[in-house]
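Trainee: here are the coordinates; sequence isn't available:
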DNA sequence: CGAACAGTACGATACAGATCGAACATTGGA
DNA sequence: TCCAATGTTCGATCTGTATCGTACTGTTCG
């Protein structure tokens, strides 16, 4: 086995993508891959992010992200390298990756606008 | 009580928005509001969408969407009208609303690209 | 060969959140 | 005034899924 299944980007639906990104761990993984910029292996991601989950859990999340069309996996000897599918995702869902890059509220947090529920 | 609390759009994070949109019922509600275009009440949304959930459940989903900054609620006599916060959402997360409008895979579904996991 | 390493597969468990029903609040109209 | 319609709140379930641990596969290197 040398290649890993990934869906063609045209077949990916926003519904599945949203479900994949709704989990805080997976969002952390995606952001770490984005920061890394190129091929990274799972154990390095755990080191970089400081996320403390078992490796079977990580494997599960990676699969969800891959099935959602967000990342690509490549076998490299003893490890599996992965990377964001920048071009595909940007083409299919323009603006999405950019949204994920912001981690803080946009401004100095005005408070809620209207009153009394 | 005449107004309903909604967060200032700058304070809304993509994390919360993704969680809100990850639920299939809420995604249906948002799409229905988008299609409707203007102020719509809860029971009308249920009729339009055919979604069969209790009204307490609907109330819960509405609250999640409102807290996520996606919709605005206005009291009108016996009912509560709501609408998408088009301008705010488009400004804060450009491209997001547009992504939700597509319900089908983009093309005639090529199959998976690589082979053997 | 055998040990260490990276990752997957699978069954079991735990927890978050979706759902429901009942009680209550508010408004408008008969 | 009383009733019907819309919606909220609260407590109790029920379910999906994130998590873990173990066993297993495949690879590199001594």
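Mentor: The structure has been received and is ready for your questions. None of these values were measured; they are calculated from a predicted model.

Trainee: is the lowest-mean-pLDDT helix or strand in chain A up against DNA strand C anywhere?
Mentor: Across the helices and strands of chain A, mean confidence by mean pLDDT, DSSP states H and E is lowest for helix A:42-49: a mean of 93. Yes - contact of helix A:42-49 with DNA strand C (Cβ under 7 Å from any atom of the strand) involves A:42-43. In this view, the C-beta of every residue, glycine as well, is placed from N, C-alpha and C.

Trainee: who's in contact with that helix?
Mentor: Contact partners of helix A:42-49, identified using Cβ atoms under 8 Å, 6 or more residues apart in numbering or on different chains, comprise A:28-29, A:32-33, A:35-36, A:40, A:51-53, A:55, A:58-59, A:62, A:79-80, A:82.

Trainee: same for the helix or strand that comes right after it, what does it pack against?
Mentor: The helix or strand immediately downstream of helix A:42-49 is helix A:55-67, counting by DSSP states H and E. Counting contacts by 3 or more Cβ pairs under 8 Å, 6 or more residues apart in numbering or on different chains; DSSP states H and E, helix A:55-67 is packed against helix A:14-21, helix A:24-36, helix A:42-49, strand A:71-76.

Trainee: is any part of helix A:55-67 close to DNA strand D?
Mentor: Yes - using Cβ under 7 Å from any atom of the strand, helix A:55-67 reaches DNA strand D at A:55-57, A:60-61, A:64.
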